[in-house]
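Asks: need the 3D shape of this:
(4 chains)
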Number of protein chains: 2
Amino acid sequence: MADDGSQVPAASVARLPLYLRCLEELRADGVSTVSSSRLAELAGVNAAKLRKDLSHLGSYGTRGVGYEVPNLMHQIQHQLGLDQQSPVIVVGLGNLGQALAKHGGFGERGFPIVALFDVQPDVVGITVGDLTVSHFDDVDAVVASHGARTAIIAAPADAAQSVTDRVTSAGITSVLNFAPTVVQVGVGVALRQVDLALELQILNYYQPRSESERDTKLRLSV
Amino acid sequence: MADDGSQVPAASVARLPLYLRCLEELRADGVSTVSSSRLAELAGVNAAKLRKDLSHLGSYGTRGVGYEVPNLMHQIQHQLGLDQQSPVIVVGLGNLGQALAKHGGFGERGFPIVALFDVQPDVVGITVGDLTVSHFDDVDAVVASHGARTAIIAAPADAAQSVTDRVTSAGITSVLNFAPTVVQVGVGVALRQVDLALELQILNYYQPRSESERDTKLRLSV
DNA sequence: GCTGCTTTGTGAACCGACGCACAAGCTTCT
DNA sequence: AGAAGCTTGTGCGTCGGTTCACAAAGCAGC
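Replies: Numbers count the residues shown, from 1 in each chain, chains lettered A, B, ... in the order given. Modelled structure (predicted):
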């Protein structure tokens, strides 16, 4: 029902790519139809929640049968705007940045990496994957020429904010920040933060502690 | 007030490491006392929410003054169980796994990487950072000898579940999964999933779309 | 065509999280 | 000592998300 006017709740949006990935697996296995309960099991979520999530993008299931895998994939892809490729730039080619640049998973899923940037003289000019690292000073022209809208920030923490400001003024409207610091973005720019060390610290809370701890805090799923 | 019996809500736990990181910055700048409003600004959250989060671990602020930076850091560290180091193993030394293994941020924050595992003959035996990659078959003995409780999974998706099962049976109780697939863990094992391509897909939803879209969905912070 | 089985889509209750707003409490100045 | 000014800690209303449970709807077999 909700196709045009209303928004999809943020919590649902965050799960749609997960469903899409599960659907890809099913399609690879030659499955043509899937029920909400089966798909929910694969995604590790509640079946009712999954159905409600999918209902936000229309009624594409068949009662008594389930969802047609290729059709549902197409609907989710459309809703997420994955119909066309979205070029991505990477800023900061340290260990993590280089790994991300060489990581094939992005290109496979419609996010080809088209340019790499750094400021270190010993990094600018080297080849990572099949791209040569450009100097960050050239970011405006390169972003414009490729029509890139998404930036992956893998720069040091103390440079992350200025890098973010620079790429957004160059036309970037989506920022995925791996630097271990909070960055601010203006309106009209989407932002997600991924902090690897933070994840370990969160996990650590759920470790059983020696000193007279309750053992009732041993669950966590994300 | 809530120190022993009651739990800290999961949403609060997930933010405590963030506060801790901001406090580290403040301490590095020589700041000895901080108000909730200032700390909230640094962390990018609401001040009342921050105070409520901190209240879950006791009353460590002084009204009219604020929080003493070193003391608050210590309390958060204690609550998260960061008093002692927690050794970590990395399974899967592809691009991402190698970058994570060389990433200094883990060791700095109390999570020294003590062992690396893979199954590929051309990877086992190589040196990454200052560790040599062991064969995954030896995981039980190595985990036991180091007392490691946390595993970072950077293996291919189709191996992630079996790797997870193996490391948990070897004694691992915290799993940080980077493989692009949902893994299941038994009770008593904490799990967090990080999927890089997923993040880009989520971001993509908030991109302005061409076809007669509302421009009211342009915000997102995490 | 009708009955029974299966599964979707959703109303509604429930639950947790968020943020406002204010009382309690500490500090400083007079 | 008393008053004024901050800042914490928290009660409470609100909002969004999750889950249950069921009606609506399609399919299969008789």
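
Asks: tell me the predicted confidence for A:V163.
Replies: Listed pLDDT for A:V163 reads 98.

Asks: likewise for the one 4 residues further on?
Replies: As predicted, A:V167 sits at a pLDDT of 98.

Asks: which residues does the closest residue to it other than its chain neighbours contact?
Replies: Leaving aside its chain neighbours, A:V167 sits nearest to A:A151 (4.5 Å; criterion: C-beta to C-beta, 6 or more residues apart in numbering or on different chains). Just so you know, the C-beta spots here come from the backbone N, C-alpha and C atoms, and that holds for glycine as well. Contacts for A:A151 were tallied using C-beta atoms under 8 Å, 6 or more residues apart in numbering or on different chains; they are A:V88, A:I89, A:V90, A:V91, A:T164, A:V167, A:I172, A:S174, A:V175, A:L176.

Asks: which two among these are spaced furthest apart?
Replies: Pairwise distances across those (C-beta to C-beta) peak at 14.8 Å, for the pair A:V88 and A:T164.

Asks: check which helices and strands the helix or strand hosting A:M73 sits against.
Replies: Using DSSP states H and E, A:M73 sits in helix A:69-80. Packing partners of helix A:69-80 (3 or more C-beta pairs under 8 Å, 6 or more residues apart in numbering or on different chains; DSSP states H and E): helix A:10-28, strand A:33-34, helix B:196-205.

Asks: could you give me the average pLDDT of that helix?
Replies: 97.

Asks: which of the residues in stretch A:59-78 are buried?
Replies: A:G61, A:G66, A:Y67, A:E68, A:V69, A:L72, A:M73, A:Q75, A:I76, A:Q77 (16 or more other C-beta atoms under 10 Å in any protein chain shown).

Asks: got TSV for those residues, with distance to DNA strand D too?
Replies: TSV is the format used below for the buried residues of stretch A:59-78 (distance: C-beta to the nearest atom of the strand, whole Å):
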residue	distance to DNA strand D
A:G61	10
A:G66	10
A:Y67	13
A:E68	11
A:V69	16
A:L72	16
A:M73	20
A:Q75	17
A:I76	16
A:Q77	21
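
Asks: can you name every helix or strand that the least confident helix or strand in chain A by mean pLDDT contacts?
Replies: When the helices and strands of chain A are scored by mean pLDDT, DSSP states H and E, helix A:105-108 comes last with a mean of 93. In terms of contacts (3+ C-beta pairs under 8 Å, 6+ apart), helix A:105-108 is packed against helix B:196-205.

Asks: taking helix A:10-28 as reference, get the angle to the helix it packs on.
Replies: Per axes from the mean of the first three to the mean of the last three C-alpha atoms, to 10 degrees, the angle that helix B:196-205 makes with helix A:10-28 is 120 degrees.

Asks: circling back: contacts (any at all) between chain B and the next helix-or-strand element following the least confident helix or strand of chain A?
Replies: Per DSSP H and E, the first helix or strand lying C-terminal to helix A:105-108 is strand A:113-118. No: applying C-beta under 8 Å from any C-beta of the partner chain, one finds strand A:113-118 separated from chain B by no less than 10.5 Å.

Asks: could you point out which element follows strand A:113-118?
Replies: With DSSP H and E, the next secondary element past strand A:113-118 is strand A:127-128.

Asks: what strands flank that next one, and is each parallel or antiparallel?
Replies: strand A:131-135 (antiparallel) (DSSP bridges).

Asks: buried stuff in the helix or strand just after the strand it pairs with?
Replies: As assigned by DSSP H and E, the chain's next helix or strand after strand A:131-135 is helix A:139-146. Within helix A:139-146, the residues that count as buried by 16+ other C-beta under 10 Å are A:V139, A:V142, A:V143.

Asks: need the CA coordinates for helix A:139-146. CSV is fine.
Replies: What follows is helix A:139-146, C-alpha atoms only, in CSV (Å, rounded to 0.1, in the frame of the first residue of the first chain):
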residue,chain,number,x,y,z
VAL,A,139,38.6,15.5,-5.3
ASP,A,140,36.2,18.1,-6.7
ALA,A,141,37.1,17.5,-10.3
VAL,A,142,37.2,13.7,-10.0
VAL,A,143,33.9,13.5,-8.1
ALA,A,144,32.2,15.6,-10.7
SER,A,145,33.6,13.7,-13.6
HIS,A,146,32.5,10.3,-12.2
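
Asks: which outside residues touch that helix?
Replies: A:87, A:89, A:91, A:114-115, A:117, A:134, A:148, A:166-167, A:170-172.

Asks: which of these are buried? Put it as a PyMOL command.
Replies: Of the contacts of helix A:139-146, the buried ones can be selected in PyMOL as follows, counting by 16+ other C-beta under 10 Å:
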select buried, chain A and resi 87+89+91+114+115+117+134+148+166+167+170+172
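
Asks: now the contacts of helix A:139-146 in TSV, with distance to B:D158?
Replies: Formatted as TSV, these follow (distance: C-beta to C-beta, whole Å):
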residue	distance to B:D158
A:P87	29
A:I89	30
A:V91	32
A:V114	29
A:A115	31
A:F117	33
A:S134	35
A:A148	31
A:R166	39
A:V167	35
A:A170	39
A:G171	38
A:I172	34
